[in-house]
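Q: How does the following fold in three dimensions:
(one chain, ligands or ions: 1)
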Amino acid sequence: MTPAVHIEGLVYAYPGGVTALNGVDLRIEHGERVAVIGRNGAGKTTMARQLNGIAKPTAGTVTVCGTDTAGATTARLAASVGYVFQNPSDQIFAKTVRADVEFGPRNLGRSAEETARLAEAAMAATDVLDFADHHPYHLSPAERKRVALASVLAMDTPVVVLDEPTTGQDHRSVRRIERIVADLHAAGTTVIAITHDMDFCAESFDRVVAMAQGRVIADGTPAEVFARPEELELARVEPPQISRLAAELGWADQVTTVDGFVEELSRRAGGEAGTPGT
Ligand SMILES: Nc1ncnc2c1ncn2[C@@H]1O[C@H](COP(=O)(O)OP(=O)(O)OP(=O)(O)O)[C@@H](O)[C@H]1O
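A: Residues are numbered from 1 along each chain as shown. Next up is the predicted model:
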């Protein structure tokens, strides 16, 4: 089957001269949940921007849902890839939240009825329905970020790319975003998130791709990647808090999620600690 994303030998140099990507190879299958991590300037956003054709390879190829981005218009790629910008101000443009969220599906040729249904569902999932008729300008940065997410969810694309979705969000909103990622996954959508939030990374993603200096330096499950101190050092990231707690307790097995921690605790206490989520 054609992969959702296939990147081969990708090099990208900005017009100013910075070579931000230095030979990236990455294959992501349909339905995968992938977190892309790494220090500032590692090339994460530059790579993600290739997926919806905002930027085109200097060398190498990027194929999304079977379409080579080199010859494809951004409008064509928009049907396959929804991209939530790191900064919502780069994305939101309409006079009301509802108009912004409805723009994408309408632009993709959905009927008025379908557009309204998709927009309503996306606004409910991101908890922005209460201010659907407000001007996005009057919302807080965290709320605007959720509007940007709603606008992409409403497009119902097979691939969704989230650039730093949890930044600036409170605990409740982060949990909501975790739920959205789980729902997208259950619906078969491929989810790719760039994140500096290692707790979110470990809780919501099955695969972690670590980048440094324009290359992929580690690729595996959260447990595999967080067990590689040299690569983590190079990527300047620390394992999730729960992993560090488990390490402090001297547990040899790699724990990356709260549920995993509770399971391990329960096993060690002979089943007395209860089951996760109860
Ligand atoms: N518009 C641009 N023009 C020139 N160079 C750029 C531009 N945007 C990014 N760069 C450079 O490209 C490299 C990769 O940047 P990029 O934003 O992709 O990294 P990142 O891993 O997403 O970082 P962050 O975590 O800070 O978002 C950096 O050296 C950065 O300075």
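
Q: So which residues on this protein come close to the ligand?
A: Within the chain, the residues that sit near the ligand (C-beta under 6 Å from any ligand atom) are Tyr14, Gly16, Val18, Ala20, Gly38, Asn40, Gly41, Ala42, Gly43, Lys44, Thr45, Thr46. For glycine as for every other residue, the C-beta is placed from the backbone atoms N, C-alpha and C.

Q: Tell me the most packed of those, by neighbour count.
A: Gly38 (28 neighbours; other C-beta atoms under 10 Å).

Q: in terms of contact, does that residue touch Val237 like I think?
A: Yes: in this structure, Gly38 is within contact of Val237 by C-beta atoms under 8 Å, at 7.0 Å.

Q: count of neighbours near Ala235?
A: Neighbours of Ala235 using other C-beta under 10 Å come to 22.

Q: And the strands in this protein?
A: Along the chain, counting by DSSP state E, strands occupy 5-13, 19-28, 33-37, 59-64, 67-68, 81-84, 159-163, 190-194, 207-212, 215-220.

Q: which secondary structure elements does the shortest one contact?
A: Counting by 3 or more C-beta pairs under 8 Å, 6 or more residues apart in numbering; DSSP states H and E, no packing neighbours are recorded for strand 67-68 among the helices and strands.

Q: what is the residue nearest to the spatial centre of the chain paired to in the beta sheet?
A: Centroid-nearest residue in the chain, with C-alpha atoms, centre = their mean: Ala193, separated by 1.7 Å. Beta-bridge partners for Ala193, by DSSP bridges, are Ala35, Leu162.

Q: Verify the stated contact: it with Ile37.
A: No: counting by C-beta under 8 Å, Ala193 stays clear of Ile37, with 9.4 Å between them.

Q: Which residues are in contact with each of the two?
A: The contact sets of Ala193 and Ile37 overlap at Cys201 (C-beta atoms under 8 Å, 6 or more residues apart in numbering).

Q: Longest helix of this structure, counting residues only.
A: helix 171-186 (DSSP state H).

Q: Between strand 33-37 and that helix, find me the angle.
A: With axes from the mean of the first three to the mean of the last three C-alpha atoms, to 10 degrees defining the directions, helix 171-186 sits at 130 degrees from strand 33-37.

Q: can you redo the strands of the chain as CSV with distance to Ala227?
A: Compiled in CSV, these are given as follows (distance: least, C-beta to C-beta, whole Å):
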stretch, distance to Ala227
strand 5-13, 25
strand 19-28, 21
strand 33-37, 14
strand 59-64, 30
strand 67-68, 36
strand 81-84, 30
strand 159-163, 25
strand 190-194, 21
strand 207-212, 11
strand 215-220, 9
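
Q: Just send the ones you listed back as TSV, with mean pLDDT too.
A: Below are the strands of the chain laid out as TSV (pLDDT from 0 to 100):
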stretch	mean pLDDT
strand 5-13	97
strand 19-28	97
strand 33-37	97
strand 59-64	97
strand 67-68	96
strand 81-84	95
strand 159-163	96
strand 190-194	97
strand 207-212	96
strand 215-220	96
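
Q: wait, which of the ones you listed is closest to Val147?
A: Nearest of these to Val147, taken as C-beta to C-beta: strand 81-84 at 10.2 Å.

Q: what packs against the closest one?
A: Helices and strands touching strand 81-84, as assessed by 3+ C-beta pairs under 8 Å, 6+ apart, comprise helix 44-51, helix 141-153, strand 159-163.
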